[in-house]
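In: 3D, please:
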Amino acid sequence: MPAFIRKHPELALLALAFAVAGFFRFYQIASIPPGLYPDEAMNGNNAVEALSTGTFKIFYPENNGREGFFINIQALSVWLFGPEAWALRIVSAFIGTLTVLGVWLLARELFSGWTRGRPEAGDPRASEPERDLSPAAVIALASAFLIATSYWHVNFSRIGFRAIMVPLFVCLGLAFLLRALRTGSIPMTVLGGLATGLGFHTYIAFRFMPLVLAIPIVAALRLWYRGLRKQPCVPCVAALFLFVAFVAALPIGLYFLNHPADFLGRSGQVSIFSANDPLREFVKSSVITLGMLNLRGDCNPRHNFACFPELSPVVGVFFLIGFCLLLLALFRRGDPNRFPASLLVGSFLVMMLPASLTREGLPHALRSIGMIPAVFIIAGYGAWWLWERFGEPIRRAEKNPANAPHQARIRRIQKELAILAVVAMVWIAGEGFRNYFFRFPVSTRTPGAFATDLWHGGRYLASLPDDIKKIVVVNSGGDPIRGIPASAQTVMFATGTFLEQERERKNFRYVANIRDIRPGDIARTVVYPMNPLDLETREAIRKRFPGLEGVNHNDFILFEQKSAQAPENDAFGLREE
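Out: Numbers count the residues shown, from 1 in each chain. Here you go, the predicted structure:
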């Protein structure tokens, strides 16, 4: 193993970053986050239904509409592990972990294949192994490590939302395309087109991706047309790439062609174009979205912790340095990093549009999730620049014969610089770990953000015998899904009663109003009000079922048959379990 590390330091460090990423995304996945938010549960219920019926859809129209790719993968997980909350979330964890490799792959290709001073494809020197880490390797590894430990990405890697697929397919589509344009490789072209086409099956934010893809394609066509660089047939590569992407995206494209109302979903409700002054709203949204990286982040506890900036202070500094340097490279003629700068800055601005074009819930870490690859590669570039800024003068001093008497001091400074870099990495990882695994779980806002009470109530109902009639009063709101408010999805997944036949078999009834239920044999009946703070509904249950009493089960209330030896009820008419 030590010999392998010495011979392949980049692969060894990449494996370490990948292991860290996997740990951050899978550790305690069964308990953190708690509960199951109704949007996650809706995905799970569709997955269960798909397994039951054998119908795996391209698009699931309920709940404002969702692309089916992610849900169908979740169905496989449910089939393997059962209908558990963690079975839905490990799909996100797996995809999030792979994204770390995707970021490394994209950064490696971008800074090694598209900057000057590198041997062209076919040059014998291009295949020579590198014993020392090249600048491209350092940038790629730094980018991979920063996203591996990022609260922003870790958080969405542990929630069952389909948006987590966007960064992965952005990275794969761009990385394979760049390699194909540089080498003419047909397999890379096909893989790039496939990744891009599948990306349209992920989340609405990916629909802006064609604007990003235009940057490398136009740049490569320009170089090819002018003969400025030895290249393969760029038009052939571009045509094959676009054809494969078109074929891969065709199923969902045909669906939207036949169901145009599903194309926008909820986007029209939150769009800046529904405002009186769209331009003003766009500027405002853009400023807020930019500010979320270093000033004030998303305040939704499902998306972020305590309104913290999406980037930790150290990573935020790396990003600002990298962004400023790339902006300078973008406008400096002849700069070797001009193309990487154009792609990264362009991708950053384009993938900001899904948030900038809306005016609700800003800043919005979920809508802007497509920014993640560009953000962390830019931060990785900034980290590399800092390392070079301090390390290069020391290396030059070491090679200078005039400094022979000072070699011991120079080596000591090199060690101190390396220790400082390790300390910075440990601090970045430690801060992300502390915020997510220690502070986030005990926050008072976390249980409510993930409908923990509904999950616990549902699991308790699922433990009751089938011969007990279970009445679920859906008094917690939400848009109707098949006639029942969306908030009931958590209880339905917890109890396995999304399908009508399962409700009949397990003796479940979902109602929005308790008055819709006729009092029956209370000896085998329980009533579960999903919103225990709704005093009017609780009083209506008591009047409708005078033989039942409210029992407090920690974070939910269940009306059960009165017990002859039950303790006294409290001032709210509740008995502690």
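
In: Please tell me how far Pro33 sits from Met209.
Out: Distance, Pro33 to Met209, by CB to CB, to the nearest Å: 29 Å. In short, each C-beta sits where N, CA and C put it, glycine included.

In: again with Tyr460
Out: Relative to Met209, and taking CB to CB, Tyr460 is found at 44 Å.

In: the more surrounded of these two?
Out: Between Tyr460 and Met209, counted using other CB atoms under 10 Å, the more crowded position is Met209 (23 against 19).

In: Now do the contacts for that one.
Out: Shown in contact with Met209 (CB atoms under 8 Å, 6 or more residues apart in numbering): Val170, Gly173, Thr196, Gly199, Phe200, Val350, Gly370.

In: and the two most separated of those?
Out: Taking CB to CB, the two most distant members of the contacts of Met209 are Phe200 and Val350; they sit 15.1 Å apart.

In: In terms of neighbours, single out the busier of the two.
Out: Phe200 (24 against 20).

In: Check the spacing between that one and Met352 real quick.
Out: 19 Å.

In: How many residues are close by Ile32?
Out: 16.

In: Without its sequence neighbours, what residue ends up closest to it?
Out: Pro441 (5.3 Å; CB to CB, 6 or more residues apart in numbering).

In: where are the low-confidence patches of the protein?
Out: Segments of the chain classed as low confidence (criterion: pLDDT under 70) are 1, 114-132, 228-230, 266-268, 398, 520-522, 563-577.

In: which residues of it fall in strands?
Out: Applying DSSP state E to the chain gives strands spanning 59-60, 66-67, 469-473, 480-481, 484-485, 508-511, 525-529, 548-553, 556-561, 574-576.

In: Of the ones you listed, which is nearest Pro336?
Out: Nearest to Pro336 among the strands of the chain is strand 66-67 (38.8 Å), distances taken as CB to CB.

In: partners of the closest one in the sheet?
Out: Applying DSSP bridges, strand 66-67 is found paired with strand 59-60 (antiparallel).

In: Roughly how far does the closest residue to Phe273 other than its chain neighbours sit from Ser368?
Out: Closest residue to Phe273 apart from its sequence neighbours, by CB to CB, 6+ apart: Leu357 at 7.8 Å. According to CB to CB, Leu357 and Ser368 sit 11 Å apart.

In: Looking at the two, which has the bigger crowd around it?
Out: Each of Leu357 and Ser368 has its neighbours counted (other CB under 10 Å); Ser368 has more, 28 against 19.

In: Check whether that one really touches Met352, as I assumed.
Out: Yes - between Ser368 and Met352 there is a contact under CB atoms under 8 Å: 6.0 Å.

In: List the contacts of Trp343.
Out: Quick fix: residue 343 is Leu, not Trp. Leu343 sits next to Leu110, Leu174, Val212, Ile215, Pro216 when contact means CB under 8 Å, 6+ apart.

In: Looking at these, spot the one nearest Leu80.
Out: Leu174 (31.2 Å).

In: how near is that closest one to Leu221?
Out: Distance from Leu174 to Leu221, by CB to CB: 16 Å.

In: ok, those two, which is more surrounded?
Out: Shown here are Leu174 and Leu221; by other CB under 10 Å, Leu174 has more neighbours (27 against 16).

In: didn't the residue nearest to Phe273 look like it was pressed against Lys284?
Out: No - with contact defined as CB under 8 Å, Leu357 does not count as touching Lys284 (11.7 Å).

In: For burial, what's the neighbour tally of Arg226?
Out: Arg226: 8 surrounding residues under other CB under 10 Å.

In: ah, wrong one, I meant Pro278
Out: Other residues close to Pro278 by other CB under 10 Å number 14.

In: repeat for the one 4 residues further on
Out: Using other CB under 10 Å as the criterion, Phe282 is surrounded by 18 other residues.

In: Grab the nearest non-local neighbour of it.
Out: Ile272 (5.2 Å).

In: how near is that neighbour to Ala21?
Out: With CB to CB as the criterion, Ile272 and Ala21 are 35 Å apart.

In: what do you get for Asp516?
Out: 49 Å.

In: Just want to know which of the two has more residues nearby.
Out: Using other CB under 10 Å, the more surrounded residue of Asp516 and Ala21 is Ala21, with 27 against 10.

In: pretty sure that one is touching Gly96, no?
Out: Yes - between Ala21 and Gly96 there is a contact under CB under 8 Å: 7.4 Å.

In: Quick check, the residue nearest to Ile32 in contact with Arg158.
Out: No - Pro441 lies out of contact with Arg158 (CB under 8 Å); the separation is 11.4 Å.

In: Can you check which residues contact both of those two?
Out: Contacts common to Pro441 and Arg158, judged by CB under 8 Å, 6+ apart, are Ile32, Pro33.

In: Which one of the two is surrounded by more residues?
Out: Each of Pro441 and Arg158 has its neighbours counted (other CB under 10 Å); Arg158 has more, 24 against 14.

In: Does the more buried one touch Arg25 like I think?
Out: Yes - with contact defined as CB under 8 Å, Arg158 counts as touching Arg25 (6.2 Å).

In: what's the residue nearest the centre of the chain in contact with, if anything?
Out: With distances taken as CA atoms, centre = their mean, the chain has Ile164 as the residue nearest its mean C-alpha position (3.0 Å). Residues near Ile164 by CB under 8 Å, 6+ apart: Phe70, Ser92, Ile95, Gly96, Thr99, Phe156, Ser157, Ile369.

In: just to revisit the earlier point, what's the spacing between the residue nearest to Phe273 and Gly265?
Out: For Leu357, the distance to Gly265 - CB to CB - is 14 Å.

In: that older thread, name the residues contacting each of Ala21 and Gly96.
Out: Joint contacts of Ala21 and Gly96 (CB under 8 Å, 6+ apart) do not exist.

In: what residues are up against Arg538?
Out: Applying CB under 8 Å, 6+ apart, the residues near Arg538 are Pro529, Pro532, Gly550, Ile557, Gly573.

In: Next one: the third one from Glu539, what distance?
Out: Remark: distance between Gly550 and Glu539 (CB to CB) = 10 Å.
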